[in-house]
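**Student:** below: sequence and its predicted model.
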Amino acid sequence: MSFYFAQLLTGLANASSLFLIACGLSIIFGVTRIVNFAHGSLFMLGAYIAYSVVTRLDAGVFGFWFGMLAAALAVGLVGLAMEFLILRRLYRAPELFQLVATFGLVLVIQDVALAIWGAADLLGPRAPGLARAVRIFGEPIPQYDLALIGIGPLVLAGIWLLFHRTRWGILVRAATQDRDMVGALGVNQNWLFSAAFFLGAALAGLGGALQIPREAVSLQMDLNVIAEAFVVVVIGGMGSVAGAFVAAVLISVLNAFAVLVFPQISIVLPFVVMAVVLVLRPHGLFGKPGSGHGAPGEPEAPLRHMSGRGRMALAALVLAMLASPAVAGDFTLILLVDLLVAMLFAASLHFLMGVGGMVSFGHAAFFGIGAYGAALAVKTLGLGMGGAMLAGPLAGALGALVFGWFCVRLSGVYLAMLTLAAAQIVWGITFQWQDVTGGDDGILGVWPAPWASSDTAYFYLAAAICLGGIWALRRVVHSPFGYLLRGGRDSPVRAEAIGLDLRRHQWAGFTLAGTLAGLAGTVFAFSKGSVFPDVLGIAQSVDGLIMVLLGGIHALAGPLLGAGVFVLIEDWVSRLDFWRFIFGAIILAVVLLAPDGLAGGLERLRRLLRRTTGGGAAR
Amino acid sequence: MSLLKVRGLTKKFGGLVAVGDVSFDLARGEFLALIGPNGAGKTTCFNMIGGYLRPDRGSVRLEGRDIVGLPPRRIWRMGVGRTFQITETFRSMTVRENVQMALISHHRRSFDMVSAAAKLYVAEADALLADTGMEAHAGRPCSELAYGDLKRLELAIAMAHKPRLLLMDEPTAGMAPSERVALMALTAGIVAREGLSVIFTEHDMDVVFAHAHRILVLNRGRLIAEGTGDEIRADATVREVYLGGGAIRARDEADHA
Ligand SMILES: Nc1ncnc2c1ncn2[C@@H]1O[C@H](COP(=O)(O)OP(=O)(O)OP(=O)(O)O)[C@@H](O)[C@H]1O
Ligand SMILES: [Mg+2]
């Protein structure tokens, strides 16, 4: 009995840390509608700064707690700077475009932390006065855990007072419920947003700082914590602080007991809980309908078939690519295969997001299922390349069919998070099911058939498959089915009012996107000769998002352009020191200079050139 | 036999009775106006008939078949068209494409992944647009249209599957007075030609009295009067609710200013 009580207390202590990071995320989303991927980075910064302050001061009680608050304040200011310098310029950009910017920040902050604090993990000091354990019912409980259990509710109470007793807090709540209303009240939105960012960032910083007596400070803290923080925010309902608290307790306590029965479960448990909650309550426990949606975007221009000149340019590009083996070395050919895979992957994600309006944070799931499907077909079923190349996309289709059934019931950020959960669940299973998937060691020896094994031959095979897939997607976009998905994105009510079952069409669209992502994963697996769990990881999903949003979500050519630029930049930059910083800075620059993506930016540039050269006067 | 039989239709939102015990019949070819002040429950009635809201009580029979509980898309397939008080269109498509989508759905080709959508049913779509005076706008992006034109487009979309019953929620809102009369005259023409039945809500009494065959008056969810234009004009309760027709007009104008 006493053991279970101790387990409960551990769960509650974890809940407090989780709540601290999640509540800031929820506040920022509620007010600004920005999904802040960099929130984990703020958490990490809080830990690093607290480490520096506390180890520099003599580690007395005062020094320790001063360090905590100083870290919170400092991170709050970093958040303020982030908002002021970058995100403020993007509030009018398409929904989720800010996501790419915050991911650029993740990369930048990673390398800044690396430069300042080094790559080695840092062990923080114990909290003075709370360094020992007390016995409760005979079980040793760290005093610090007890302190944390108190701090969580204390912060919740503080936020509650702030939100209910101050004018600022009331405005924040109003903004969370209805952004237009605040605009109509004549409140200065900039000021409100900055303050929300400061508060949210400071809470994340505090959460990170309070972690230092419990875990080593490392450069992996940011992405390790962000997925779970998202989960908590979503389960609680986007924008609901009390919901975040309940969700943090729910997950942490469940986890504390579930690991006793099934130790491997902690990787997937939060995501399973989230999936269950979202299927039962599509807006989280305390969220309101519509709480998961950002500001409505600009209307998109009607679809046009490509002009004659556009077709010729495209044909020339494809021909140049196909002719490249004549001049290019093996290394370039391998890069070109990467490029083709990225293009197909990005195109399938764009089909889902841009055309279907179903934002996915977990599209890597189907890419990875395709890659693993093909690899397993070779290794376990003993199929040849041909069979495996069918098995991969088929596996992607099956995965998308299953997850899609759940996902199309949701929309907005909730949908995005459920897809993230799906990907994390698949990743967790793959990671831990060593007997079948090889776990962390992956599956090796997935080579193409002899006839396709030269770099040139495989390049042509990859080109045929990927360009074929992209062409087929384009075709679907222009078909009644593609039009209907686009229409459903514009107005689900209208779709229903002309007799259509939108969900069924979305399910089919989801499956199609998963199939083509699986196809991309298959081509990828054979090009590398192996697969590892990171093909299913968050980073792979985010890469896809960056490609699509960077390229421009409103243009069919956007994902292709985005994928091309992404692969080329990554290839160049990843050979440099501090490549994350450079890559992140490039992302931020593109985002700030072309908030409608590269396609939009190019279009504007073209118009500008026409005007200045007088070419447009004829119109 | 009447086309539509509504009996005891009731819907509460919390404590508020949005629609209380409303019953009426609609004959084939009838042009019926449903009027009442703001918040009277007109849209809620439409939503229940069209399947967008489930009534707490009551029945809706379309040619004898109970349609309560069916989703809107099924009711649409049974020949009920609908236009919305706040227009719902596909903003990223052209005017013509919006109508084409309804035709594609009508011909059950929405899962077609091969044909070029923009080339399907062009002639039919243009004919429908011509019927509603929208032919000049066919190629324009829907997001550019003025509000009155969006209403006209919705009418064209609603006619695409040759409905037997058309529910029009404030079809003339956002239009100039002369436009309103013109649009309703046009609608009346279509009704006469196609023999379909229409229920429409409207705040402009000139429009209502000029075209409605019969008028239902709702107030606070209750049906308070029913009759021809002359009967309604003479009805004491209705006068009391409205304090004269001018007040309605003024409020309507203010709503959409
Ligand atoms: N989904 C809802 N939830 C709660 N109350 C609602 C809802 N829909 C309508 N109501 C309320 O029900 C009443 C009837 O609304 P309804 O929209 O049917 O009126 P209406 O006659 O169409 O008014 P208007 O002329 O302004 O369009 C109103 O008081 C409205 O506030
Ligand atoms: Mg209404």
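**Tutor:** That came through fine. Ligands and ions are numbered 1, 2, ... in the order given.
**Student:** can you give me the neighbour number for B:V207?
**Tutor:** When neighbours are counted by other CB atoms under 10 Å in any protein chain shown, B:V207 registers 22. The C-beta positions use only the backbone N, C-alpha and C, and glycine is treated the same way.
**Student:** you'd agree it is up against B:R180?
**Tutor:** Yes - taking CB atoms under 8 Å as the definition, B:V207 is a contact partner of B:R180 at 5.2 Å.
**Student:** now do the shared contacts for these two.
**Tutor:** B:T172 (CB atoms under 8 Å, 6 or more residues apart in numbering or on different chains).
**Student:** domain ranges for chain A?
**Tutor:** If you go by automatic domain parsing, the domain ranges for chain A are A:2-120+A:142-280, A:339-604.
**Student:** what's next to stretch B:85-94, contact-wise?
**Tutor:** Here stretch B:85-94 makes contact (CB under 8 Å, 6+ apart) with A:299-303, A:483, A:486-487, A:489-491, A:493-494, A:497, B:43, B:97-98, B:101, B:138-143, B:147, B:150-151, B:153-154, B:157, B:169-170, B:173, B:201.
**Student:** which ones among these map onto strands?
**Tutor:** B:169, B:201 (DSSP state E).
**Student:** quick one, which of the contacts of stretch B:85-94 are buried?
**Tutor:** The neighbour count (16 or more other CB atoms under 10 Å in any protein chain shown) marks A:299-300, A:302-303, A:483, A:486-487, A:489-491, A:493-494, A:497, B:43, B:97-98, B:101, B:138, B:141-143, B:150-151, B:153-154, B:157, B:169-170, B:173, B:201 as buried among the contacts of stretch B:85-94.
**Student:** ok, back up a step: keep only the contacts of stretch B:85-94 that also lie close to ligand 1.
**Tutor:** Restricting the contacts of stretch B:85-94 to those near ligand 1 by CB under 6 Å from any ligand atom leaves B:T43.
**Student:** for ligand 2, find the nearest of the domains of chain A.
**Tutor:** Nearest to ligand 2, of all the domains of chain A, is domain A:339-604, at 14.5 Å by CB to the ion.
**Student:** mind checking the end-to-end distance for the closest one?
**Tutor:** Domain A:339-604 has an end-to-end distance of 26 Å (CA to CA, to the nearest Å).
**Student:** figure out how far it is from the centre of its chain.
**Tutor:** Centre-to-centre, domain A:339-604 and its host chain are 13 Å apart (CA atoms, centre = their mean, to the nearest Å).
**Student:** low-confidence stretches in the stretch 151-257 of chain B?
**Tutor:** B:243-257 (pLDDT under 70).
**Student:** any chance you could map the strands in it?
**Tutor:** Using DSSP state E, counting those that start in this stretch, the strands of the stretch 151-257 of chain B run over B:165-169, B:197-201, B:214-219, B:222-227.
**Student:** columns distance to ligand 2 on top of these, output as CSV?
**Tutor:** Below are the strands of the stretch 151-257 of chain B laid out as CSV (distance: least, CB to the ion, whole Å):
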stretch, distance to ligand 2
strand B:165-169, 6
strand B:197-201, 6
strand B:214-219, 10
strand B:222-227, 16
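**Student:** got TSV for the ones you listed, with distance to A:G243 too?
**Tutor:** What follows is those, written out as TSV (distance: least, CB to CB, whole Å):
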stretch	distance to A:G243
strand B:165-169	36
strand B:197-201	39
strand B:214-219	39
strand B:222-227	40
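**Student:** wait, A:P213 touches A:P128, no?
**Tutor:** No - if you go by CB under 8 Å, A:P213 and A:P128 don't touch, sitting 9.7 Å apart.
**Student:** what is the least confident helix or strand in chain A?
**Tutor:** Ranking every helix and strand in chain A by mean pLDDT, DSSP states H and E puts helix A:179-184 at the bottom, with a mean of 66.
**Student:** circling back to that earlier point, of A:P213 and A:P128, who's got more company?
**Tutor:** Neighbours around A:P213 and A:P128, counted as other CB under 10 Å, are more numerous at A:P213. The numbers are 22 against 16.
**Student:** quick one: contacts for the more buried one?
**Tutor:** If you count contacts by CB under 8 Å, 6+ apart, then A:P213 has A:124-127, A:130-131, A:144 around it.
**Student:** tell me the one among those residues nearest to ligand 1.
**Tutor:** Of all the contacts of A:P213, ligand 1 sits closest to A:Y144, with 48.8 Å by CB to the nearest ligand atom.
**Student:** from A:L9, how far off is that closest one?
**Tutor:** 11 Å (CB to CB, to the nearest Å).
**Student:** skipping adjacent residues, who's closest to the closest residue to ligand 2 within the stretch 51-200 of chain B in space?
**Tutor:** Ligand 2 sits closest to B:Q85 of the stretch 51-200 of chain B, with a gap of 4.7 Å, by CB to the ion. Excluding the flanking residues, the one nearest B:Q85 by CB to CB, 6 or more residues apart in numbering or on different chains is B:D169, at 4.1 Å.
**Student:** the strands in the stretch 1-150 of chain B, which residues?
**Tutor:** Taking DSSP E, counting those that start in this stretch as the test, the strands found in the stretch 1-150 of chain B are B:4-13, B:16-26, B:31-35, B:57-62, B:65-66, B:80-83.
**Student:** direction included, what does the shortest one pair against?
**Tutor:** Taking DSSP bridges as the criterion, strand B:65-66 pairs within the sheet with strand B:57-62 (antiparallel).
**Student:** same question for the longest one.
**Tutor:** Taking DSSP bridges as the criterion, strand B:16-26 forms sheet pairs with strand B:4-13 (antiparallel).
**Student:** avg pLDDT for the host helix or strand of A:L156?
**Tutor:** Using DSSP states H and E, A:L156 sits within helix A:143-165. For helix A:143-165, the mean per-residue pLDDT is 87.
**Student:** can you report how many residues neighbour the residue in the stretch 51-200 of chain B that ligand 1 sits nearest to?
**Tutor:** Per CB to the nearest ligand atom, B:Q85 is where the stretch 51-200 of chain B lies closest to ligand 1, at 5.5 Å. Neighbour count of B:Q85, defined by other CB under 10 Å: 15.
**Student:** cool, and A:F103?
**Tutor:** By other CB under 10 Å, 25 other residues sit near A:F103.
**Student:** what angle sits between the lengthiest helix in chain A and helix A:143-165?
**Tutor:** Counting residues, the longest helix found in chain A (DSSP state H) is helix A:2-32. Interaxial angle of helix A:2-32 relative to helix A:143-165 (axes from the mean of the first three to the mean of the last three CA atoms, to 10 degrees): 30 degrees.
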